[in-house]
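Visitor: give me the fold of what follows.
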Amino acid sequence: MSPVTQSFRGKELKPSESLKIDAFSVRIGDIKGVELDRLHALSLSVGWPHRAEDWHFLREVGQGVVALDEIGRVLGSAMWFGHGDSFATVGMVITSPRLQTLGAAQWLMKRVFDNVPGHDLRLNATRAARRLYLSLDFQPEKTVYQCQGIARLPTAGSSAEAGSDVRTLDASDIPAAIALDAAGFGVRRTALIERLFAHSHGYGLFKNDKLNAFALCRPFGRGHVIGPVVAETDADAVAIVRPHVADHSGSFLRVDTHMHDGEFAAFLSHAGMPVFDTVLTMSLGKRLADFYTGRSAGLKTYTLASQTLG
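Guide: Here you go, the predicted structure:
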């Protein structure tokens with residue numbers, strides 16, 4: 001990952017291997033060469049819920065860089081997750097409180113640009129980070145609602161419609177889930193969905209033995225996260241999320257969704273997962289709508305795999 005001078009979407013970028021801050025220097029490193037406990041300490045320093053195991057999974061499915069001080073302490077990070085030849089999501093852009101006002105986040109983002117030249121990029125920005133991403137020409141798209149809490153199963157709610165059934169997914173369902181995810185997300189994410197299946201429990205909605213919707217749930221942060229969820233209708237989405245809520249009733253559950261009203265959003269609130277916080281989906285290059293041009297309305301991503309993964 002040697003630095004090069006290049007233009008990323010009209011911006012001349014000169015990423016360097018080191019950054020001088022006050023009386024000390026920060027150097028760049030590969031995120032896969034850093035001990036997990038140091039990455040965990042970084043996310044803890046800014047109040048993020050990621051466990052060491054969550055960092056391990058992200059390193060399995062993505063790439064990234066870290067900012068290191070002279071004695072090897074991790075002071076910042078940035079990751080990217082490529083899908084195909086020209087698209088990536090960006091996440092885990094963290095700078096320690098010590099560096100947050102000193103330009104380190106922009107320096108890390110320039111390293112991301114250096115590694116994905118010409119790619120269409122998508123990320124989910126916290127309020128604190130939006131000014132940075134706007135300065136890098138990312139455009140606002142949609143609000144993501146972080147819904148979480150102690151799960152409880154509502155006494156009423158949608159069930160599978162006549163002629164369809166909900167059942168546990170297995171490895172034989174992966175190809176169909178990859179196709180559904182591509183239709184809902186707008187980009188084919190084969191490797192990611194395969195890895196998510198290995199780490200998750202899933203339910204699918206089948207009609208005439210064909211997979212029409214699915215929801216995965218895996219350990220994350222304070223408990224479990226449900227995502228991605230891909231379905232055509234709110235009723236279908238509720239039908240495949242409901243058994244996950246039943247499985248984890250009394251435990252901490254989280255979903256990240258663009259849905260702010262309707263039956264699905266109401267179900268989450270009734271299931272003990274009200275809106276806790278929001279982030280903003282932003283894009284550089286193709287806008288969200290561009291990925292669905294020419295496609296018929298139908299499948300939607302009801303919940304993200306995570307804010308980092310999209």
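Visitor: relative to residue 43, how far out is residue 204?
Guide: 32 Å (C-beta to C-beta, to the nearest Å). Heads up, the C-betas are built off the backbone N, CA and C, glycines and all.
Visitor: and these two? which has more neighbours close in?
Guide: residue 204 (23 against 20; other C-beta atoms under 10 Å).
Visitor: pull out the buried positions in the helix or strand harbouring the more buried one.
Guide: Here residue 204 sits within strand 201-207, counting by DSSP states H and E. Applying a neighbour-count criterion of 16 or more other C-beta atoms under 10 Å, one finds 201-206 buried in strand 201-207.
Visitor: relative to residue 264, which of those residues is nearest.
Guide: residue 205 (13.6 Å; C-beta to C-beta).
Visitor: what pairs with that closest one across the strands?
Guide: residue 166, residue 213 (DSSP bridges).
Visitor: which residues touch residue 244?
Guide: Residue 244 is in contact with 201, 203, 215, 217, 224, 226, 253, counting by C-beta atoms under 8 Å, 6 or more residues apart in numbering.
Visitor: so it, which state does it fall into?
Guide: When classified by DSSP: H, G, I helix; E, B strand; the rest coil, residue 244 comes out as helix.
Visitor: how far away is it from residue 105?
Guide: 34 Å.
Visitor: dump the buried residues of strand 201-207 to JSON lines, plus distance to residue 77 and pLDDT.
Guide: Below are these laid out as JSON lines (distance: C-beta to C-beta, whole Å; pLDDT from 0 to 100):
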{"residue": "201", "distance to residue 77": "29", "pLDDT": "98"}
{"residue": "202", "distance to residue 77": "29", "pLDDT": "99"}
{"residue": "203", "distance to residue 77": "33", "pLDDT": "99"}
{"residue": "204", "distance to residue 77": "34", "pLDDT": "98"}
{"residue": "205", "distance to residue 77": "37", "pLDDT": "98"}
{"residue": "206", "distance to residue 77": "40", "pLDDT": "97"}
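Visitor: check which residues of stretch 39-56 are buried.
Guide: Residues of stretch 39-56 classed as buried under the neighbour-count rule (16+ other C-beta under 10 Å) are 39-40, 42-43, 48, 50-51, 54-55.
Visitor: from the residues you listed, which is closest to residue 33?
Guide: Using C-beta to C-beta, residue 39 comes nearest to residue 33 of these, at 11.0 Å.
Visitor: not counting sequence-adjacent ones, nearest residue to the closest one?
Guide: Nearest residue to residue 39, sequence neighbours excluded (C-beta to C-beta, 6 or more residues apart in numbering): residue 55, at 4.5 Å.
Visitor: using the three-state scheme, assign that neighbour.
Guide: Residue 55 - assigned by three-state DSSP - is helix.
Visitor: quick check: pLDDT value at it.
Guide: Listed pLDDT for residue 55 reads 98.
Visitor: and it, how close does it get to residue 27?
Guide: Using C-beta to C-beta, we find residue 55 at a distance of 20 Å from residue 27.
Visitor: got a list of what the nearest residue to residue 57 once chain neighbours are set aside touches?
Guide: Excluding the flanking residues, the one nearest residue 57 by C-beta to C-beta, 6+ apart is residue 199, at 6.2 Å. The neighbours of residue 199, taking C-beta under 8 Å, 6+ apart as the test, are 57, 218-219.
Visitor: for residue 199, what are phi and psi?
Guide: The phi/psi pair for residue 199 (degrees, to the nearest 10) reads phi -110, psi 0.
Visitor: pLDDT score for it?
Guide: Per-residue pLDDT puts residue 199 at 97.
Visitor: ok, residue 111 next?
Guide: Looking at residue 111, its pLDDT reads 95.
Visitor: equivalent analysis for residue 72, please.
Guide: Residue 72 carries a pLDDT value of 86.
Visitor: swap in residue 250?
Guide: pLDDT for residue 250: 98.
Visitor: distance of it relative to residue 264?
Guide: In terms of C-beta to C-beta, residue 250 sits 22 Å off from residue 264.
Visitor: more neighbours, the two?
Guide: Ranked by neighbour count (other C-beta under 10 Å), residue 250 and residue 264 place residue 264 first, with 24 against 10.
Visitor: any idea which element that one lies in?
Guide: Assigned by DSSP H and E, residue 264 falls in helix 262-270.
Visitor: name the strands paired with the helix or strand following that helix and say parallel or antiparallel.
Guide: Sequence order places strand 275-284 as the next helix or strand after helix 262-270, per DSSP H and E. Partner strands and pairing direction for strand 275-284 (DSSP bridges) are strand 120-125 (antiparallel), strand 139-150 (antiparallel).
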